Every structure is written in structure tokens, then in C-alpha cells.
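Q: 3D model of this:
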Amino acid sequence: MQNLKEAWEVPRDLLLRRYPPFVTGGPLSRGDIPVFVLHGAEPRPLGRQLQYLSDNGYRTLGADEYIGILLGGRPAPDRAVLLTFDDGRASLWSVAQPLLHRFGMRAVVFLIPGRMRSRPGPLRATWAEVESGRIDAAAVLCREDGPGALLSWEEVERLSKTDLFDFQCHTLTHARIHVGPEVEGFVTPWSRRGYAALDQPLIHDGERDLLGEDAPLGTPLLRSAPRTSEELRFYEDPEFRDGCVNEAARGGEDFFLRPDWEKTLQGRISGQRPRGRVETPEQRARAIEKELVESKRLIEEHTNRPVSQLCYPWHAFGPTAQALAREAGYRAAFCGKVPGVPITRSGGDLQRIARIGEDYIELLPGRGRGTLRGILRRKWARRFGRSA
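A: Residues are numbered from 1 along each chain as shown. So this is what the prediction gives:
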């Protein structure tokens with residue numbers, strides 16, 4: 001069902017005119033600066049995209065340069081684009097760094113400081129060492145499969161001394177919160193790891209919130225929403241989790257190899273409805289404030305550069321988050337597709353900057369330009385597990 005929904009997303013947004021004209025074969029108007037959103041970096045697709053930009057004379061902007069243009073302080077260069085990477089994934093060090101350097105380009109990275117770790121010692125190998133024959137490709141490409149899925153602080157500090165990346169904020173923990181008592185799933189071995197952990201709601205345990213693998217296996221996951229939305233958090237009584245957590249603990253991760261694991265956990269809470277409390281609007285504001293202020297402080301501390309731009313997780317925000325972001329000193333906020341705004345132009349709303357997916361980079365005007373039909377065929381093949 002989710003794949004079908006995603007398959008319909010692009011045709012729907014085309015009908016609603018949420019894409020700029022160049023996506024359907026039209027021109028890139030003078031002064032327009034498309035903003036593309038990427039996540040991880042894979043050698044072949046990223047190399048192809050950067051090669052296309054380079055071959056066709058496109059220039060990538062830095063964060064402050066882009067905002068300065070939107071504010072009207074400087075004219076937009078011809079064929080300028082902004083590349084943005086969400087999450088701060090480890091492949092930015094291992095793959096994106098050498099490729100951006102090769103093509104003389106740069107990007108903006110939105111970090112999640114509350115999920116990052118320090119990893120002292122020698123810095124990890126990069127794709128440049130693979131291409132030189134000094135290391136096997138698997139040693140680099142497996143980087144995001146384990147606990148080091150995000151950049152380390154040591155890598156961020158080294159990269160911040162180059163002209164390749166501008167580091168900005170993706171909130172402190174990129175968190176989802178429980179907002180109602182309805183059970184929608186359970187903590188599993190795979191929900192706790194890598195990027196799947198970003199979709200696992202916070203589990204409150206006394207005085208702290210548990211992220212990722214800190215959350216006990218089997219914990220019921222309730223109806224949730226992004227922390228930066230206007231939803232109020234529901235704190236369920238911990239006792240509601242005990243039966244499921246104890247059941248999973250008896251079998252460990254092997255319990256989730258059983259075909260009936262989910263039915264077994266549902267049986268432990270059958271007929272029960274979690275009791276709990278709902279936070280106050282004041283508590284919501286303080287929690288969102290921490291997500292915005294503490295993340296800004298940590299990034300500035302490690303990069304020695306000001307942080308003034310924000311990307312909301314899941315592009316979700318409410319009036320509370322917007323007001324607190326302005327108070328915290330954020331000048332701009334990046335979203336996804338914005339209704340009625342295919343490209344944010346000079347004088348546009350800096351709190352709702354429109355972005356589109358990386359698939360459309362090769363639809364920009366130029367030699368070797370792709371077609372929307374080809375892009376959609378490739379996207380749908382990925383989502384439905386077929387070869388393009």
C-alpha cells in the first residue's frame with residue numbers, strides 16, 4: 001500500500017504543479033535556483049549527477065550565498081543550484097567528499113547532533129582510496145550498515161575546514177513522539193538500527209528518552225508524529241509495555257524470526273488500552289526549543305561556524321516550532337515540495353524553502369538531459385524491487 005501511495009505521488013504533484021517547469025522538459029528560468037534534497041551518497045548515481053552538472057556549466061552554491069540571493073543582496077548566478085543532504089550520513093565522508101572535491105562543487109548538510117558520536121582514532125577510508133586501488137570497495141560501501149551510519153564529530157570537524165560542506169541543523173534528535181494510545185507497531189531489531197531508527201518514536205523511561213537500540217525489543221509503538229509538529233506528546237504508563245518487553249526478552253533477537261512474533265506481542269496487550277498523560281503546550285514548547293537550541297550550539301561548537309539554517313524532519317512544523325526557530329536565530333528553514341512554490345525565488349518565504357528530489361538533477365537543461373518518463377521508470381523500479 002505504501003509503495004502504491006508513493007507511485008502516485010509524482011503524477012499527483014505534477015497535476016498540482018508542485019514541480020518547476022524543467023522537470024517536464026521546460027526551461028530553467030533566469031534567476032531560478034533549484035534546491036535538491038539528497039540523503040546518502042552512492043558512487044555511481046552521485047558521480048553521474050555531479051558529472052552532468054559539471055558538463056553543463058552548473059554551479060553549486062554555499063548556504064549563506066544562497067540565502068543572500070533570496071534576500072536580494074546579490075544577483076543569482078546563471079545555472080546555479082543548491083545541493084542539500086539530510087541527516088549527515090557517513091557516506092558524505094566516504095563517498096560525497098572525494099566526488100565533490102573532484103568536480104569542484106559543494107553542498108549543505110543538515111546534521112542530527114543528538115544521534116552523532118565521537119569516534120577518535122584514524123579517519124575512515126574514502127572512495128578516492130578505492131579508485132586508487134588501495135582498499136576494497138566493500139570496506140567503504142558497508143560504512144552505513146553498522147553503528148557508524150552517521151558522520152562522526154571528528155569527520156565533521158575535518159570537513160568543516162574545507163569548502164565542500166556547510167553544516168546546518170536537522171534538529172537535535174530528528175524525533176517522533178507518541179501522540180495517542182493506539183498501538184501501531186513494536187520495537188524490533190531492524191527498527192532500532194541505522195536510518196530506520198529515525199522513524200522509531202522516542203520511548204520515555206523515567207527521566208530520559210530512549211533512542212534507537214536503547215529502546216527495549218518488543219516495546220509497543222503508539223500513534224506518532226514529528227516532534228516539531230503541533231501535536232502534544234502522549235506519555236503512556238510504562239507498565240503497559242512490560243508484557244511485550246518480557247516476551248521479547250526471553251527470545252532475544254531470534255524471537256523476531258518467528259512467523260508469529262507480531263501476533264504473540266499483540267496477544268500480550270489484547271483488550272488493553274494504555275493509560276497515561278498528555279504534555280502541556282508549555283512542555284511541548286520547551287521540548288521543541290531544546291531540539292532547536294541545543295543542536296545549533298553543538299554544531300557551532302564542533303565547526304566553529306555560525307548555524308542559521310534549519311531543515312525540519314519530515315518537513316513537519318507548526319506555529320510553535322516556527323516561532324521558536326526565529327527566536328533561536330534561524331534565518332531560514334528548508335522543506336520539501338511547497339504548494340504553489342515550485343522554486344523559492346528572491347523575496348520568497350525563507351521559512352518554507354522548496355526542495356525537490358535528487359532524481360530530477362539530470363532533468364535540468366543541458367546535453368544528455370534525461371526524460372521524466374525515464375526518471376519515473378527508475379524510481380518505480382526501485383520502489384517495487386524490479387530492474388529498470
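
Q: in stretch 50-67, what counts as buried?
A: Using 16 or more other Cβ atoms under 10 Å as the test for burial, stretch 50-67 gives 50, 52-53, 58-67. For the C-beta atoms, the positions are set from N, CA and C on the backbone; glycine is no exception.

Q: Which members of these are positioned in strands?
A: If you go by DSSP state E, the buried residues of stretch 50-67 have 59-60 in strands.

Q: Same list, the buried residues of stretch 50-67, but as JSON lines with pLDDT and distance to W380 please.
A: As requested, those are arranged in JSON lines below (pLDDT from 0 to 100; distance: Cβ to Cβ, whole Å):
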{"residue": "L50", "pLDDT": "98", "distance to W380": "24"}
{"residue": "Y52", "pLDDT": "98", "distance to W380": "21"}
{"residue": "L53", "pLDDT": "98", "distance to W380": "25"}
{"residue": "Y58", "pLDDT": "98", "distance to W380": "27"}
{"residue": "R59", "pLDDT": "97", "distance to W380": "32"}
{"residue": "T60", "pLDDT": "98", "distance to W380": "28"}
{"residue": "L61", "pLDDT": "98", "distance to W380": "31"}
{"residue": "G62", "pLDDT": "96", "distance to W380": "34"}
{"residue": "A63", "pLDDT": "95", "distance to W380": "33"}
{"residue": "D64", "pLDDT": "95", "distance to W380": "37"}
{"residue": "E65", "pLDDT": "96", "distance to W380": "36"}
{"residue": "Y66", "pLDDT": "97", "distance to W380": "31"}
{"residue": "I67", "pLDDT": "97", "distance to W380": "35"}
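
Q: Contacts only, for D86.
A: 37-39, 110, 170, 311 (Cβ atoms under 8 Å, 6 or more residues apart in numbering).

Q: measure stretch 349-369 end to end?
A: Length of stretch 349-369, first residue to last, Cα to Cα, to the nearest Å: 30 Å.

Q: circling back: closest one of the buried residues of stretch 50-67 to A381?
A: Lowest distance from A381 to the buried residues of stretch 50-67 (Cβ to Cβ) belongs to Y52, with 19.9 Å.

Q: I'd like the next helix or strand past the helix or strand D13 falls within.
A: Using DSSP states H and E, D13 sits within helix 2-15. Using DSSP H and E, the helix or strand that follows helix 2-15 in sequence is strand 35-38.

Q: Tell me the helices and strands packed up against that next one.
A: Where contact means 3 or more Cβ pairs under 8 Å, 6 or more residues apart in numbering; DSSP states H and E, strand 35-38 is packed against strand 80-87, strand 356-357.

Q: Please repeat the previous calculation with a cut-off of 6 Å.
A: Applying 3 or more Cβ pairs under 6 Å, 6 or more residues apart in numbering; DSSP states H and E, we find strand 35-38 packed against strand 80-87.

Q: now what about the longest strand anywhere in the chain, what contacts it?
A: Counting residues, the longest strand found in the chain (DSSP E) is strand 176-186. Under the contact criterion Cβ atoms under 6 Å, 6 or more residues apart in numbering, strand 176-186 has outside partners 201-202, 218, 220-227, 231, 233-234, 265, 273-274.

Q: Direction included, what does whatever helix or strand comes next after it pair up with?
A: Per DSSP H and E, strand 176-186 leads on to strand 203-205 as the next helix or strand towards the C-terminus. Each strand paired with strand 203-205, and its direction, by DSSP bridges: strand 208-210 (antiparallel).

Q: With only the CA atoms kept, save the helix or strand just after the strand it pairs with in PDB.
A: Following strand 208-210 in sequence order, the next helix or strand is strand 220-226 (DSSP H and E). C-alpha atoms of strand 220-226 as PDB (Å, rounded to 0.1, in the frame of the first residue of the first chain):
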ATOM      1  CA  PRO A 220       4.700  -1.200  21.800                       C
ATOM      2  CA  LEU A 221       4.900   1.800  19.400                       C
ATOM      3  CA  LEU A 222       1.900   4.100  19.500                       C
ATOM      4  CA  ARG A 223       0.500   6.500  17.000                       C
ATOM      5  CA  SER A 224       3.200   9.100  16.500                       C
ATOM      6  CA  ALA A 225       4.000  12.400  14.900                       C
ATOM      7  CA  PRO A 226       7.200  14.500  14.400                       C
END
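
Q: Name whatever forms a beta bridge with the spatially most central residue of the chain.
A: Nearest to the mean C-alpha position of the chain, by Cα atoms, centre = their mean, lies D86 at 3.8 Å. Taking DSSP bridges, one obtains F110 as the residues bridged to D86.

Q: What's the local residue count around the nearest residue to D145 once chain neighbours are set aside?
A: Nearest residue to D145 in three dimensions, chain neighbours excluded: G194, at 7.0 Å (Cβ to Cβ, 6 or more residues apart in numbering). Here the number of neighbours of G194 (other Cβ atoms under 10 Å) works out to 17.

Q: Strand partners (parallel or antiparallel) of the longest strand of the chain?
A: Using DSSP bridges, strand 176-186 pairs in its sheet with strand 220-226 (antiparallel).

Q: Show me the contact partners of the helix or strand following the partner strand.
A: Moving toward the C-terminus from strand 220-226, the next helix or strand (DSSP H and E) is strand 234-236. Contact with strand 234-236 is made by 178-180, 204, 274, 276-278, as judged by Cβ under 6 Å, 6+ apart.

Q: ditto for stretch 122-139
A: 43, 94-95, 98, 140.

Q: Drop anything exposed from the contacts of strand 176-186.
A: Those of the contacts of strand 176-186 that meet the buried threshold are 201-202, 218, 220-222, 224-227, 231, 233-234, 265, 274, by 16+ other Cβ under 10 Å.

Q: quick one: stretch 311-322 to chain centroid distance?
A: 13 Å (Cα atoms, centre = their mean, to the nearest Å).

Q: And it, what's buried?
A: Taking 16+ other Cβ under 10 Å as the criterion, stretch 311-322 shows 311-318, 320-322 as buried.

Q: Ok, stretch 37-47 next?
A: 37-38, 40-41, 43, 45-47.

Q: how about those residues in TSV, adding secondary structure, pLDDT and distance to I361?
A: Below are the buried residues of stretch 37-47 laid out as TSV (DSSP: H, G, I helix; E, B strand; the rest coil; pLDDT from 0 to 100; distance: Cβ to Cβ, whole Å):
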residue	secondary structure	pLDDT	distance to I361
V37	strand	97	11
L38	strand	97	9
G40	coil	92	15
A41	coil	95	13
P43	helix	96	16
P45	helix	95	9
L46	helix	97	10
G47	helix	97	12
